[in-house]
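1. A predicted structure for the sequence below; I have some questions about it.
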Amino acid sequence: MKRTEIKEALCCSEYGKSINVKGWVRSRRGNKNVSFIALNDGSTIKNIQIVADLEKFSEDDLKLITTGASISVDGTLVESMGKGQNVEIQAEKIEVYGTADPQTYPLQKKGHSLEYLREIAHLRPRTNTFGAVLRIRHNMAMAIHTYFHEHGYFYFHTPLITASDCEGAGQMFQVTTKNLYNLKRTPDGQIDYSDDFFGKMTALTVSGQLEGELGAMALGKIYTFGPTFRAENSNTPRHLAEFWMIEPEVAFIQKDELMELEEDFLKYCVRWALDKCQDDLQFLNDMFDKSLIERLRGVVNTDFVHLTYTEGVNILQEAIKNGKKFEFPCNWGDDLASEHERYLVEEHFKKPVIMTDYPKEIKAFYMKLNEDGKTVQGTDVLFPAIGEIIGGSVREENYDKLMAEIDRRQIPMKDMWWYLDTRRYGSAPHAGFGLGFERLLLFVTGMQNIRDVIPFPRFPKSAEF
């Protein structure tokens, strides 16, 4: 008999139909006459109830059906008399594929802390919480690809191994085939990379933006969506060493059009989650964050505030005068902390904010300088519960201005001649943004730690699984 996914079986009303389902046992309970097995196959957060009449199945038949076991059930789909379900399956035949020893299986039917589940990340997708998170993660990836495809963007694959540090922070994971126990060195004591695989120092990418700009200068509209890596020794709930980034780059647009793109894209993704992940969102709303669905709807149904950095600092300083306490200082020229961003979004405006025109000293070298000579055309989107969710900007397309900024910051550009060529040959106005996929997932799922929205998190001193 062909297998029916549990998601499909739960929606079926063909009572009396013979059916086969397969999955993992969440629980088994019963009495001397009947056993009730809650079965889940990952297609939905909901379990289907299997009713095993003890006239058909002996205790020996059922003793292997414990929490975590994998089974196949042939039976009859019947209307359920129990609450919370429309259908159940009267079992005719049960085959055990794989047992799970109740003494050692780590996911017994009880509450487990998220901290404990991180230690068994290879098993945690079987829990309701992580099943929900991972189904939403899939749906958000589909939303991203669908949005850009429908809007005429081309999916552009940028390299994971690179010789350029887009952010200029130097926190990169080095890639080498050299014998680290016997490093060849130059006469002045530096490491000699001439015998390395690429003949130069290379690392895992921190961003696909610079290469993405090359694509935009030929294809008009591109987006990247792939893993990026930061060797930042950070153990906060907002940082990972390996995470996914979405980075569109668009030729011939200005700051206002970039802000329209950022807002439209985010609303599309959140709307997709509300439309296609109702059961999983309801579970997370009920179990972790009672205001989750209301917050998601709020983003979709409101216009984002456009606010300059200077106006934002003035609002924050006024709040401080009126008794608001912040952990970090907030003066013009400071890089705003998450607490400042969240105050503007959650307390002052009570809606998402796109902040623009930041001081050039706290932003990247490639951002377009405003006429005041002090600020750049950055466009960061600030969200409730998250703070910054998107970092974007108009890029400096003028070769002389870009080189002046590179020289002022003393950025080594010897390996970046290809990037500068986009300003030498047919330079054009262009803009783009970067969105950390896991930041988006934190917002959409209501989870509090970024390690809980990626299957196998990478962070300092942890590269398990």
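-> That came through fine. Numbering: from 1, shown residues only.

2. Residues touching the lowest-mean-pLDDT helix or strand in the chain, excluding its own?
-> Here the helix or strand of the chain ranked lowest by mean pLDDT, DSSP states H and E is helix 59-62, holding a mean of 86. Residues outside helix 59-62 that contact it (C-beta atoms under 8 Å, 6 or more residues apart in numbering) are 28, 35, 52, 54, 94. In this view, the C-beta of every residue, glycine as well, is placed from N, C-alpha and C.

3. and with 7 Å instead?
-> 35, 52 (C-beta atoms under 7 Å, 6 or more residues apart in numbering).

4. who does the following helix or strand past that helix pair up with?
-> Following helix 59-62 in sequence order, the next helix or strand is strand 70-79 (DSSP states H and E). Strand 70-79 has its sheet partners listed here by DSSP bridges as strand 18-30 (antiparallel), strand 87-98 (antiparallel).

5. Glu388: which of these is closest?
-> strand 18-30 (38.3 Å; C-beta to C-beta).

6. For the closest one, which outside residues touch it?
-> With C-beta under 7 Å, 6+ apart, strand 18-30 has contacts from 1-4, 6, 9, 35-41, 47-48, 65-77, 89, 109, 126.

7. Flag every buried residue along it.
-> Counting neighbours by 16 or more other C-beta atoms under 10 Å, one finds that the buried residues in strand 18-30 are 19-26, 28.

8. those helices in the stretch 251-400 of the chain, which residues are they?
-> Here the stretch 251-400 of the chain has its helices, by DSSP state H, counting those that start in this stretch, at 255-276, 278-287, 292-300, 309-321, 338-342, 399-409.

9. no no, the stretch 101-250 of the chain
-> 114-119, 128-150, 209-219.

10. would you list these in a markdown table and tack on distance to Gly434 and mean neighbour count?
-> Shown next, in a markdown table, are the helices of the stretch 101-250 of the chain (distance: least, C-beta to C-beta, whole Å; neighbours: other C-beta atoms under 10 Å):
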| stretch | distance to Gly434 | mean neighbour count |
| --- | --- | --- |
| helix 114-119 | 26 | 14 |
| helix 128-150 | 13 | 18 |
| helix 209-219 | 6 | 21 |
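
11. among the strands paired with strand 70-79, which is nearest Met416?
-> strand 18-30 (50.8 Å).

12. from the chain's centre, how far out does that closest one sit?
-> Remark: strand 18-30 is offset 32 Å from the chain centroid, using C-alpha atoms, centre = their mean, to the nearest Å.

13. Report all helices and strands that the next helix or strand after that strand contacts.
-> The first helix or strand that comes after strand 18-30 along the chain, using DSSP H and E, is strand 34-40. Applying 3 or more C-beta pairs under 7 Å, 6 or more residues apart in numbering; DSSP states H and E, we find strand 34-40 packed against strand 18-30, strand 48-53.

14. Count the residues that sit near Asp264.
-> By the criterion of other C-beta atoms under 10 Å, Asp264 has 12 neighbours.

15. and it, how far is that from Phe225?
-> Here Asp264 is placed at a distance of 17 Å from Phe225 (C-beta to C-beta, to the nearest Å).

16. again, but for Trp24
-> With C-beta to C-beta as the criterion, Trp24 and Phe225 are 31 Å apart.

17. one step back: list only buried entries from the contacts of strand 18-30.
-> Buried among those (16+ other C-beta under 10 Å): 4, 6, 9, 35, 37-41, 47-48, 65-73, 75, 77, 89, 126.

18. Okay, and the beta partners of Gly434?
-> Gly391.

19. Mind pulling up the pLDDT for it?
-> pLDDT for Gly434: 98.

20. got the contact list for it?
-> With C-beta under 7 Å, 6+ apart, Gly434 has these contacts: 207, 209, 245, 247, 391-392.

21. just those residues now: which is nearest Phe197?
-> Each of the contacts of Gly434 was scored against Phe197 by C-beta to C-beta, and Ser207 proved nearest at 22.3 Å.

22. what about the residue lying farthest from the centre of the chain, distance to Asp61?
-> Relative to the centre of the chain, and counting by C-alpha atoms, centre = their mean, the farthest-placed residue is Glu55 at 49.4 Å. Glu55 sits 12 Å away from Asp61 when distances are taken as C-beta to C-beta.

23. got it, and Gly42?
-> Gly42 is 25 Å from Asp61, by C-beta to C-beta.

24. In a strand, Met447, correct?
-> No: using DSSP: H, G, I helix; E, B strand; the rest coil, the secondary structure at Met447 is coil, not a strand.

25. Let me know the pLDDT of the residue found closest to Tyr155 once you drop the neighbours it is linked to in the chain.
-> In space, and not counting its chain neighbours, Tyr155 is closest to Tyr223: 6.3 Å by C-beta to C-beta, 6 or more residues apart in numbering. In this model, Tyr223 is scored at 98, pLDDT.

26. doesn't Val250 make contact with Tyr223?
-> No: contact criterion C-beta atoms under 7 Å: Tyr223 and Val250 do not qualify, at 9.1 Å.

27. Between these two, tell me which one has more neighbours.
-> Comparing Tyr223 with Val250 by other C-beta under 10 Å, the one with more neighbours is Tyr223, at 27 against 21.

28. In contact with the more buried one, which residues?
-> Per C-beta under 7 Å, 6+ apart, neighbours of Tyr223: 148, 153, 155-156, 246-248.

29. Just give me the closest of these to Ile411.
-> Glu247 (19.8 Å).

30. For the closest one, give its distance to Ala319.
-> In terms of C-beta to C-beta, Glu247 sits 33 Å off from Ala319.

31. Then Phe304?
-> Taken as C-beta to C-beta, the span from Phe304 to Ala319 is 20 Å.

32. Looking at these two, which has the bigger crowd around it?
-> Neighbours per residue (other C-beta under 10 Å) separate Phe304 from Ala319, with Phe304 holding more: 21 against 18.

33. tally of neighbours for the closest residue in space to His151 that isn't next to it in sequence?
-> Spatially, and ignoring its direct neighbours in sequence, His151 is nearest to Lys221 (7.5 Å; C-beta to C-beta, 6+ apart). The number of residues packed near Lys221 is 21, by other C-beta under 10 Å.

34. and the nearest residue to Leu214 once chain neighbours are set aside, what is it in contact with?
-> Spatial nearest neighbour of Leu214, excluding adjacent residues (C-beta to C-beta, 6+ apart): Thr422 at 6.1 Å. Thr422 makes contacts with 213-214, 217, as judged by C-beta under 7 Å, 6+ apart.

35. so what's Pro455 scoring on pLDDT?
-> 97.

36. any idea which helix or strand carries it?
-> Per DSSP H and E, there is no helix or strand for Pro455.

37. which sections of this protein are below the confidence cut-off?
-> The chain contains residues with pLDDT under 70 at 165-170.

38. Would you mind measuring from Pro455 to His157?
-> Pro455 is 22 Å from His157, by C-beta to C-beta.

39. Val376: how many residues sit nearby?
-> Neighbourhood size, Val376 [other C-beta under 10 Å]: 25.

40. Going by distance to Leu442, which of the contacts of Thr422 wins?
-> Closest to Leu442 out of the contacts of Thr422 is Glu213 (27.5 Å), distances taken as C-beta to C-beta.

41. For the closest one, which non-adjacent residue is spatially closest?
-> Glu249 (5.3 Å).

42. Noted, bye for now.
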